[in-house]
Every structure is written in C-alpha cells, then in structure tokens.
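Peer 1: everything below, folded, please.
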Amino acid sequence: MIIQQFYDKGLAHGSYAVIRTGKMIVIDPARDPQPYYDFAAQHDADIVGVIETHPHADFVSSHLEIHETTGAVIYCSKLTGATYPHETFDDGDVIQLNDIKLKSINTPGHSPDSICILLIDEEGRETAIFTGDTLFVGDVGRPDLRENVGNITAKKEELARQMFQSTRQKIMTLPKNVIVYPAHGPGSLCGKSMSPDLESTIGRELRENYALQLMDELEFVKTLTTDQPFMPKYFGRDVELNKNGVSGFEGSIVAVPRIDADSVLENGILIVDSRPKAQFRSGHLHGAINLQDGEKFETWLGSIIGPDEQFYLIAENDDKLDTLIKKTAKIGYEQNIKAALLAPANTDEVSVDLDLDAFKSNENDYTIVDVRNHGEVAAGKVFKNAISIPLPELRERIEEIPTDKPIVVHCAAGYRSAAGVSIVSAAITSVPVYDLGEVVTEMMKEVH
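Peer 2: Below you'll find the predicted structure:
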C-alpha cells in the first residue's frame, strides 16, 4: 500500500493518493490533475476513484476532470447535492481497494456535508484517516463558511455544535496510533491555529489540539466561533463551483486571452500588476493594483477582487504570466481575466517615496492606514493613531480615509502595503500616498 501526499504551499492544501495492487484513489484533488496522472503512471496504477470530503471553499477541485479523463468514480456525501456524476459515500459506506478498505464517516462541523475517510489495512487495522477540513494538525475546521452557500446552509453556531459532536463521538474515539492526514496546513484560511506539521496521529491531537481538550459544548462553540481569520471574497463561489464541477484545467488556461503589451485597455476594468514593487513603483498604469507574485498570490487575488469582477493581468515576462494564470485557475479566477499582457513600455504613473526621517519625527502630520488583519491589530498596533482597514476590505472602505494629510500605508512586512498603497493612491489623488514598506518590521520590533 502506498499513501502519497501532494502539498500546494500557496493554498496550504494537501491532497492524497492511495494505491493498492495497481488501483489508485485520489482524495481532495487540486485544480491541476497532472500530478496524480504522473504518480499513477509512475506506479503503473489505474485511477479508479476520486473522493471529495466536502465542496471546498478555498480552491477548485479537479474531481470532474479526473472522472471525465479516466472514468474514475467520484464519491461524496449525499448531503453535498452534487450535480456531477457520483456515488454517495456516507456513514458506513466502504470502497474496497483489493484487500484494503476506505470507510466513510460523516463529520459535519466545518460544513454540513463533511466526511472523513478511515483507511483499514489488509490486516483489518484502522491505520489512517483522511480528515478533509474536519481535523487539522493542532486545529479543527472553521464553522462559518457555509452560512449562505452550498446545498445545505447552517449558522456557524450550529456547525460548531456539530463539530463538537463529530470530534467527540467519531474522531476522538479512534485508536491513538491512527495517522491523521488533513486537507490543509499552516497558512490556510480554513482554520485559525494550524501546526507547521502536515500529518499527525489521533494520540498527538488528543494531547495537543486545543479543540480536542476537555470542555463543554458551550465553551467549545464560543472558542470555535471566535477569532477566525477573514473570509476571502471567492470562498462562496468556489463552494458552488465544486458542487457542480469545472471544466478541464489546461483548456481553461489556454482560453485566457493574450494581448500585446501596448494594447489599449478597456476603461472600467481592473488592472492587476504582478511585477515586483520596485518595477511597479517606477512606472505603472493608472489605477493598477500592485499584487506581486508570491507564495499567497492567489489568496490575495481572491480576497481583494470579487468573484464577478473582470481584470487585466500584467506580468514582467511570459513565464511569469503563464505561472500566474495557472495560479488564478487554482481558485477559479482564470475566467475573470479580461486579458493577460506584459508590462507596457509607456506607463504614466510613478509612485512617490516617503521621507522616513520626516515621518518618524512627526507621525501626527500623516494619516496612517494599517492594512493588517483584525487579529493582528488586536494583538497590538504599531502606530497608536492608525486607522485599521484590513486589505481585503480596503477597496470598499476607501471613503473612511481622511484626505487632509499625506497618507502612509503599512502592514507587517511590506507585501500587503504595496497592494494597499496602489489601491489608495488610485482613489485618492489630492494628497500623496506613501508605502512604509519593509521598514515597518523594525518599527514593530521597537514597539514590542
């Protein structure tokens, strides 16, 4: 028996392949199915099944494409309301993979339709559990993503109560040596305090996971519904996309229009300029958002731009453009790209630089905007009089920023402030808008 984890660090997403005697099952696949095809070929195995633990909110799954390409059966809970071809897979249902079994366990909590998959080996031992977004290393799935989307909706308090029962009655009763394989790791927005480790055991989680400690249901609900991270704008749409299934990855990439760098762009369409900050600041198109290519590009893209908004995508070279289109496809945003292009030679806007000494000597001469998340601000402000507007909310809350003084934008390390400054300066032209940038890390050390 082979168990292989495929990990996408950008979305902190873990998917899995289980192989036994030439047959392979894929669990919670990412948008690009090629790695699973390659792994199956490497081990001379046929992909015979795909299991979806729930309709994911944070990425688009390739379950339908794998089915259409290989004929593999898709398994999911009957509660999913799936419109793609599938077989239901609920409490007690078993997939026989020669002499091993994959057994479904309904574990509502993160979503009403969540399942976990218990692996029973050839000796009849409960060996591993694929927990989807129910149980993570050090955490459990957040309960507030299905209040308005999906086949079944539920308030976060109700889902938190269901999570209490799922963990206590089904997860925590398993043997302590059962290996835990979750669908997400650190950095995922599907939980709030995940460990850096990408696998665990039931025994370790019983000892170390805050959500599995002794507490009553009321305390559990309060704990689980408090201090969850922000919810990106695209999460709701991806639940619906995954409930229905999406078209092939490569075909969707090829369908993105490419235009010449100096093409005339349509007015009123957003521009996402992914170039490094220094290149963007030295010259960019009016109104462009500087969302630099990086580890979390797709998450920030889907947090700042709505699922129904079109945008132009700019990169510094063709390789970068190819990479970024694939990243947008991971969250289903490739269809939002009006066109992709390289940076124009003639750009009409240059960013202004902050006089750091002048700023440090009299911060009160500036309006300071803190674009960190609410939780970061609650842990401590860097500047006492700063206005807190998290980056995902900035476009909608621009009018809250006073325009009687120059504006300085900061985050925790410089990535988000670059995007924030580009958003603010496009909307406010009556005063200079400055980026505090990476300097903020030293200032944060001084504060703390």
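
Peer 1: how many neighbours does the closest residue to residue 391 other than its chain neighbours have?
Peer 2: Ranked by C-beta to C-beta, 6 or more residues apart in numbering and with sequence neighbours excluded, the top spatial neighbour of residue 391 is residue 371, at 4.3 Å. (Glycine included, C-beta is placed from N, CA and C.) Residue 371 has 26 neighbouring residues, counting by other C-beta atoms under 10 Å.

Peer 1: residues touching residue 371, list them.
Peer 2: Neighbour list for residue 371: 389-391, 394, 409-411, 416-417, 419-420 [criterion: C-beta atoms under 8 Å, 6 or more residues apart in numbering].

Peer 1: in helices only, show me the residues you listed.
Peer 2: Mapping the contacts of residue 371 onto helices (DSSP state H) picks out 416-417, 419-420.

Peer 1: export only the CA atoms of stretch 434-441, formatted as CSV.
Peer 2: The C-alpha coordinates for stretch 434-441 follow below in CSV (Å, rounded to 0.1, in the frame of the first residue of the first chain):
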residue,chain,number,x,y,z
TYR,A,434,3.2,56.6,0.8
ASP,A,435,4.2,53.0,1.4
LEU,A,436,6.1,52.4,4.7
GLY,A,437,7.2,49.1,3.2
GLU,A,438,9.6,46.7,4.9
VAL,A,439,10.8,49.4,7.3
VAL,A,440,7.7,48.5,9.4
THR,A,441,9.3,45.3,10.6
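
Peer 1: for the stretch 301-448 of the chain, what spans make up the strands?
Peer 2: Assigned by DSSP state E, counting those that start in this stretch, the strands in the stretch 301-448 of the chain fall at 311-315, 337-342, 367-370, 387-388, 407-410, 433-435.

Peer 1: and the contacts of the fourth one?
Peer 2: Pointing back at strand 387-388 there. Here strand 387-388 has contacts from 367-370, 372, 374, 377, 381, 400-401, using C-beta under 8 Å, 6+ apart.

Peer 1: tell me which two in those residues are the farthest apart.
Peer 2: 367 and 374 (19.5 Å; C-beta to C-beta).

Peer 1: neighbour-wise, which of those two wins?
Peer 2: Per other C-beta under 10 Å, whichever of residue 367 and residue 374 has more neighbours is residue 367, with 21 against 13.

Peer 1: show the contacting residues for that one.
Peer 2: 387, 401-408.

Peer 1: tabulate the residues you listed (a markdown table), appending pLDDT, distance to residue 273 and neighbour count.
Peer 2: Below are the contacts of residue 367 laid out as a markdown table (pLDDT from 0 to 100; distance: C-beta to C-beta, whole Å; neighbours: other C-beta atoms under 10 Å):
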| residue | pLDDT | distance to residue 273 | neighbour count |
| --- | --- | --- | --- |
| 387 | 97 | 25 | 15 |
| 401 | 98 | 22 | 18 |
| 402 | 97 | 27 | 12 |
| 403 | 97 | 24 | 14 |
| 404 | 96 | 29 | 7 |
| 405 | 97 | 27 | 13 |
| 406 | 98 | 23 | 17 |
| 407 | 98 | 20 | 21 |
| 408 | 98 | 21 | 25 |
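
Peer 1: care to break the protein down by domain?
Peer 2: Domain assignment for the chain by automatic domain parsing gives 2-238, 248-342, 356-447.

Peer 1: low pLDDT regions in the stretch 301-448 of the chain?
Peer 2: Where the stretch 301-448 of the chain drops to pLDDT under 70, the residues are 445-448.

Peer 1: tell me where the protein has helices.
Peer 2: Counting by DSSP H, the chain has helices at residues 34-42, 63-70, 156-166, 202-208, 217-224, 235-244, 249-254, 277-282, 297-304, 318-330, 356-361, 374-378, 415-427, 440-447.

Peer 1: export those helices to CSV and tack on distance to residue 20?
Peer 2: Formatted as CSV, the helices of the chain follow (distance: least, C-beta to C-beta, whole Å):
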stretch, distance to residue 20
helix 34-42, 12
helix 63-70, 17
helix 156-166, 27
helix 202-208, 22
helix 217-224, 36
helix 235-244, 27
helix 249-254, 27
helix 277-282, 49
helix 297-304, 33
helix 318-330, 29
helix 356-361, 61
helix 374-378, 43
helix 415-427, 43
helix 440-447, 49
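
Peer 1: of all those, which one comes closest to residue 263?
Peer 2: Residue 263 sits nearest to helix 318-330 of all those, at 14.0 Å, using C-beta to C-beta.

Peer 1: only the C-alpha atoms, please, for the closest one, written as PDB.
Peer 2: Provided in PDB are the C-alpha atoms of helix 318-330 (Å, rounded to 0.1, in the frame of the first residue of the first chain):
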ATOM      1  CA  ASP A 318       5.900  35.400 -20.400                       C
ATOM      2  CA  ASP A 319       7.000  32.700 -17.900                       C
ATOM      3  CA  LYS A 320       5.600  34.700 -15.100                       C
ATOM      4  CA  LEU A 321       2.400  35.300 -17.000                       C
ATOM      5  CA  ASP A 322       2.000  31.600 -17.500                       C
ATOM      6  CA  THR A 323       2.600  30.900 -13.900                       C
ATOM      7  CA  LEU A 324       0.100  33.500 -12.700                       C
ATOM      8  CA  ILE A 325      -2.700  32.400 -15.000                       C
ATOM      9  CA  LYS A 326      -2.300  28.900 -13.500                       C
ATOM     10  CA  LYS A 327      -2.400  30.300 -10.000                       C
ATOM     11  CA  THR A 328      -5.600  32.200 -10.800                       C
ATOM     12  CA  ALA A 329      -7.100  29.000 -12.100                       C
ATOM     13  CA  LYS A 330      -6.500  27.300  -8.800                       C
END
